[in-house]
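Peer 1: The sequence and its predicted three-dimensional model are supplied below.
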Amino acid sequence: MPIQPADPRANFLAHRDEVIAAFERVLEDGHYILGPEVAAFEAEFAAYLGVAHGIGVASGTDALRVGLTALGVRPGDAVLTVSHTAVATVAAIEMTGATPVLVDIDESTFCMSPRSLEATIAATKGRLALKAVVPVHLYGQPADLTAICRIAADNGLLVLEDCAQAHGAAAGGRKVGTFGDAAAFSFYPTKNLGALGDGGLIVTSREDVAEEARVTREYGWRKRYISDQVGVNSRLDELQAALLRVMLRHLEADNERRRRIAGRYASRLAGSAFTLPAPIEGTRHVYHQYVIRSPRRDLLRAFLAERGVNTLIHYPVPVHLQPAYEGRIALPPGGLPVTERVCSEILSLPLHPQLTDAEADAVCEALLAF
């Protein structure tokens, strides 16, 4: 069998008995929508991060959308983010009616460049109603939140962290998701903390934002069946919440396994022709992906596939160059040269907690043979 980039089935099987017991508990309890499992997971994940509130929603995309709405982002506002991300980041901004404004990335971290953020704000301030910044902690590497939050504060902007790929990542000993006004998490099955379906969570220590998010996720209800404001239907499922409570207990161990595999890759591939990820000092990278760079990426990917190593590209086309967005998304002066350059070279190697040392070594051998 080929070595797979991710394997959520193996993760389920590793904790099968606990998961089945959790599912049976939900099925027998009879509460299936916004019941005790969701409430417990919201509290447990918030406590794990060190924030006051967690608000479960139906997906990571909805966590971004509802989070932005709860922060007061409205049609006519502009929100700064990156193009080198899952399209969900930009799609969620547009779902609020706001205008995305794209910022270039740092070449070493693949995350939002504070320098580009500052330049983009200067170039657009006065022309657009800038409201918020959405930095993405891509691949499990924290963005430079100290600089980004300072720039946002200096310009009167809110910060919503996109933590979809960074469960448990930290900077300066502080977990991501705790720096901004709010943060959004995804529990897509391949994430570091994954469900067996879609799911998402908004976290915040702001009482007003938490209340607004809870109201927005369920039709704008404060009282059942009475909509005080426009809302949506976006609720984390009880079964998924029960599963996530199980997986949360194993998250730190799973992240450490990811880090050990990443260390194995780094050791075996040191001195090779590939550009390897370089964790930033003072941060805790949790390796949602282990992404290398090669100017012969497509040839390399085909070579690995022939040798039973499957890989992925996260992401092959920046959002601003995709057909649905090309030509209509605001870019900084000079465009996004770093974003466009790295997208032609990046390759995500197999990495998940159940990957064996032998499989990791086989990946390295195939890479070195290339």
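Peer 2: Thanks, I have the structure now.
Peer 1: so Y265 makes contact with E359?
Peer 2: No: using Cβ atoms under 8 Å, Y265 is not in contact with E359, being 11.4 Å away. For the C-beta atoms, the positions are set from N, CA and C on the backbone; glycine is no exception.
Peer 1: For those two, indicate the residue with more neighbours.
Peer 2: Neighbours were counted for Y265 and for E359 using other Cβ atoms under 10 Å; Y265 has more, 24 against 17.
Peer 1: ok, and that one, which helix or strand is that part of?
Peer 2: Here Y265 sits within helix 251-269, counting by DSSP states H and E.
Peer 1: That helix packs against which elements?
Peer 2: Packed against helix 251-269 by the contact rule (3 or more Cβ pairs under 8 Å, 6 or more residues apart in numbering; DSSP states H and E) you find strand 290-293, helix 357-369.
Peer 1: The stretch 51-200 of the chain: strands as residue ranges?
Peer 2: Assigned by DSSP state E, counting those that start in this stretch, the strands in the stretch 51-200 of the chain fall at 53-57, 77-82, 99-103, 129-133, 158-162, 170-171, 174-175, 182-186, 200-204.
Peer 1: Listing request: residues of the stretch 151-300 of the chain with sub-threshold pLDDT.
Peer 2: For the stretch 151-300 of the chain, no stretch is flagged by pLDDT under 70.
Peer 1: which of the residues in stretch 280-300 are buried?
Peer 2: Residues 280, 283-294, 297, 300 are the ones in stretch 280-300 that count as buried (16 or more other Cβ atoms under 10 Å).
Peer 1: Next, the distance between the ends of it.
Peer 2: This stretch, stretch 280-300, spans 26 Å end to end (Cα to Cα, to the nearest Å).
Peer 1: Go through whichever strand or helix holds E24 and flag the buried ones.
Peer 2: Using DSSP H and E, E24 falls within helix 16-29. Buried residues in helix 16-29, defined by neighbour count with 16+ other Cβ under 10 Å: 18-19, 22-23, 26.
Peer 1: Please tabulate the strands of the stretch 51-200 of the chain in CSV, including the columns mean neighbour count.
Peer 2: Shown next, in CSV, are those (neighbours: other Cβ atoms under 10 Å):
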stretch, mean neighbour count
strand 53-57, 27
strand 77-82, 25
strand 99-103, 24
strand 129-133, 21
strand 158-162, 26
strand 170-171, 19
strand 174-175, 18
strand 182-186, 29
strand 200-204, 30
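Peer 1: so what are the domain limits for the chain?
Peer 2: Domains of the chain are assigned by automatic domain parsing as 8-103+112-249, 251-369.
Peer 1: Show me where the stretch 101-250 of the chain has its helices.
Peer 2: In the stretch 101-250 of the chain, the helices defined using DSSP state H, counting those that start in this stretch lie at 114-124, 145-154, 207-217, 238-249.
Peer 1: now those helices as a markdown table including distance to H167 and mean neighbour count?
Peer 2: Output for those, formatted as a markdown table (distance: least, Cβ to Cβ, whole Å; neighbours: other Cβ atoms under 10 Å):
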| stretch | distance to H167 | mean neighbour count |
| --- | --- | --- |
| helix 114-124 | 23 | 19 |
| helix 145-154 | 16 | 18 |
| helix 207-217 | 19 | 21 |
| helix 238-249 | 9 | 22 |
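Peer 1: Out of those helices, which is closest to L336?
Peer 2: Nearest to L336, of all the helices of the stretch 101-250 of the chain, is helix 114-124, at 8.2 Å by Cβ to Cβ.
Peer 1: other SSEs contacting the closest one?
Peer 2: Using 3+ Cβ pairs under 8 Å, 6+ apart, helix 114-124 is in contact with strand 77-82, strand 99-103, strand 129-133, helix 145-154.
Peer 1: Can you give me the buried ones in stretch 299-315?
Peer 2: The neighbour-count check on stretch 299-315 (16+ other Cβ under 10 Å) flags 300-301, 304, 309-315 as buried.
Peer 1: Tell me which of the residues you listed fall in strands.
Peer 2: Among these, DSSP state E puts none in strands.
Peer 1: List the ones among those residues that fall in helices.
Peer 2: Mapping the buried residues of stretch 299-315 onto helices (DSSP state H) picks out 300-301, 304.
Peer 1: Closest to E218 out of those?
Peer 2: R301 (43.5 Å).
Peer 1: if I read this right, the closest one contacts L347, doesn't it?
Peer 2: Yes: the pair R301 and L347 passes the contact test of Cβ under 8 Å, sitting 6.0 Å apart.
Peer 1: OK, contacts around A70?
Peer 2: Under the criterion of Cβ atoms under 8 Å, 6 or more residues apart in numbering, the neighbours of A70 are 182, 202, 204, 209-210, 212-213, 216.
Peer 1: need those residues in TSV with distance to L68, can you?
Peer 2: Listed next are these as TSV, based on distance: Cβ to Cβ, whole Å:
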residue	distance to L68
A182	9
I202	10
T204	12
V209	10
A210	14
E212	11
A213	10
T216	10
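Peer 1: Start and end of stretch 301-318, how far apart?
Peer 2: End-to-end distance for stretch 301-318, by Cα to Cα: 19 Å.
Peer 1: Give me the contacts around that stretch.
Peer 2: 1-5, 83-87, 139, 289, 291, 297, 336, 339-340, 343, 346-350, 362-363, 366-367, 369-370.
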